[in-house]
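just the structure for this:
(one chain, ligands or ions: 1)
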Amino acid sequence: MTKLATRDQKIIWHPFTQEKTADEVLAIKNGCGSYVYDEDNNAYLDLISSWWVNIHGHSHREIAKSIYEQALKLEHVIFAGCTHAPAIELCEELAGVLPYPLIHFFFSDNGSTAVEIALKMAYQYWCNKGLKKELFLSFEGGYHGDTFGAMSVGYKSGFHNAFADLLFKVLSIPYPATWDEDDGIELKESYALDVLDNYLVEYGDRIAALIVEPLIQGASGMRACRSEFIRAVVEKVRKFDILVIFDEVMTGFGRTGSYFATSQLKITPDFICLSKGITGGFLPLALTVTTNTVYDAFLHDEWSYAFAHGHSYTGNPLACAAALTSLKLLKQEDTQNAIKAINRAHDQGLLFLKDKCSNVERTRICGTISAFDVRNSSHLNLKSKFLEKGLLLRPLGDTIYLLPPYSTTKDDLESAYQKIASIL
Ligand SMILES: *Cc1c(COP(=O)(O)O)cnc(C)c1O
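Predicted coordinates for the structure are as follows:
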């Protein structure tokens, strides 16, 4: 039998990959807890939660079982005109942990569509009220997915340059990224707020919505900002009747230490986008959640006021069943304690790295996420060196980040930080 990697190379085109120069892919045979295993049974600690989706560990039996049991009852049914218990129960449970009045739930399948839906709803909300607002506000470095709307608001993440001509117009606010012992933060924030003020004066009544990854930008390098800053931004835009979209696709489900970043920020946005961790990493699912005010603007005797959007797999019962079990696990005291323990282990780990490695800088922690920059990392070939030591990591430019499943122990992390230090 030919190696999986060889067969793969002949037939599969991978995401975000320059196929010409990419390293050989790692074929994974199975996963258990925080580890995945290759064909030769080598173990890798999954420190990136498999693109930030896995929260309770791989092949978690309880989630697997709930999917199996649901599949024997009902695998899927059209969600226009039909409904089912797993979808309703999931939304009822989520309404209990999201801030009020985020009580209207629209399903889709991934983070990009969750964002696309929020953008379209925000735009149509104003149309339904007889107003035309064609502009959006977003942040430099913000990443919101790879569909056209999501690319437009995430253009300044640098991932979508090839499509520049096809994107709609977005006003981009500088992002005051910060880190431990950053003494320039006040200046960066006041500059960003000045730019925002100017946009608001010039375009305020033409802006439909602001979209932001609250507390920390993911894809552009785990760039944290201060809560005060987000609060100041939201306060300013709301004076201009601009809707607020929190893209919590990455930050949701415990990632930043609380269930959602919005709970820590004590801001209730007009939309929240959820995906990634929602099913514990088992099945694709997403939700765009909004308020009464938004929902009510779509109620009308004329069909044209309705939100004409939907996907074939909308509200898939298997994914909803997985999400319900994942949420139940997330609420357990053991999981909440594990989240706190990961945060403390990061604290210790980063102190250790700063002590041992002179090329480590800009350390930052946000809940269960730690990140740091490595000076001149490009020639170090870090990703494959990490793999050789049994660590599944995916550096973003000069940034190394650890975003482990909550099944990851203090010992796992301590040993990971030691290995990272030895490589650096
Ligand atoms: C990953 C991500 C998305 C896109 O989600 P997909 O499921 O990959 O389409 C959107 N927003 C944020 C903040 C993300 O991290």
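
name the SS class of the residue nearest to residue 170 when sequence neighbours are not counted, please.
Among residues not flanking residue 170 along the chain, residue 136 sits closest, at 4.9 Å (CB to CB, 6 or more residues apart in numbering). C-betas here are computed from N, CA, C, even on glycine. Secondary structure for residue 136, judged by DSSP: H, G, I helix; E, B strand; the rest coil, is strand.

residue 136 contacts residue 172, correct?
No. Counting by CB atoms under 8 Å, residue 136 does not reach residue 172; the two are 9.7 Å apart.

compare those two (neighbour count), which wins?
residue 136 (24 against 18; other CB atoms under 10 Å).

the helix ranked longest in the chain: how far from the chain's middle?
Using DSSP state H, we find that the single longest helix of the chain is helix 333-356. In terms of CA atoms, centre = their mean, to the nearest Å, the centre of helix 333-356 is set 20 Å apart from its chain centre.

in it, what counts as buried?
Burial within helix 333-356, assessed by neighbour count using 16 or more other CB atoms under 10 Å, is assigned to 335-336, 338-339, 341-343, 345-346, 349-350, 352-353.

quick one, what contacts residue 153?
If you count contacts by CB atoms under 8 Å, 6 or more residues apart in numbering, residue 153 has them with 115, 119, 136, 138, 142, 144, 170, 211.

what about 7 Å?
119, 136, 138, 142, 144, 170, 211 (CB atoms under 7 Å, 6 or more residues apart in numbering).

can you check residue 309 too?
117, 120.

picking that back up, got CSV for the buried residues of helix 333-356, with pLDDT and distance to the ligand too?
Putting these into CSV (pLDDT from 0 to 100; distance: CB to the nearest ligand atom, whole Å) gives the following:
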residue, pLDDT, distance to the ligand
335, 98, 21
336, 98, 23
338, 98, 22
339, 98, 19
341, 98, 24
342, 98, 19
343, 98, 20
345, 98, 23
346, 98, 19
349, 98, 23
350, 98, 22
352, 98, 28
353, 98, 24
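
thinking again about what came up before, which helices and strands does the longest helix of the chain pack with?
In terms of contacts (3 or more CB pairs under 7 Å, 6 or more residues apart in numbering; DSSP states H and E), helix 333-356 is packed against strand 360-366, strand 369-374, helix 410-423.

residues making contact with that helix?
Outside helix 333-356, the residues touching it (CB under 7 Å, 6+ apart) are 254, 257, 329, 360, 363, 365, 367-368, 370, 372, 402, 404, 406, 408, 410, 413-414, 417, 420-421.

can you say which of the residues you listed are buried?
By neighbour count, with 16+ other CB under 10 Å, these hold 254, 257, 329, 360, 363, 365, 367-368, 370, 372, 402, 404, 406, 408, 413, 417, 420-421 as buried.

returning to what we had before: filter the contacts of residue 153 down to the ones close to the ligand.
residue 144 (CB under 6 Å from any ligand atom).

ranking by neighbours, what's the top pick from the contacts of residue 153?
The most crowded member of the contacts of residue 153 is residue 144, carrying 30 neighbours; neighbours defined as other CB under 10 Å.

tell me the contacts of it?
115, 150, 153, 154, 211, 247.

again, only using 8 Å
Here residue 144 is in contact with 111, 112, 115, 138, 150, 151, 153, 154, 211, 213, 247, 249 (CB under 8 Å, 6+ apart).

what parts of the stretch 51-200 of the chain come near the ligand?
So the stretch 51-200 of the chain meets the ligand at 110, 111, 112, 115, 143, 144, 145 (CB under 6 Å from any ligand atom).

and the residue nearest the centre of this structure?
For the chain, residue 250 is the residue whose C-alpha lies nearest the centre (CA atoms, centre = their mean; 1.6 Å).

hang on, isn't it packed against residue 52?
Yes. If you go by CB under 8 Å, residue 250 and residue 52 touch, sitting 5.4 Å apart.
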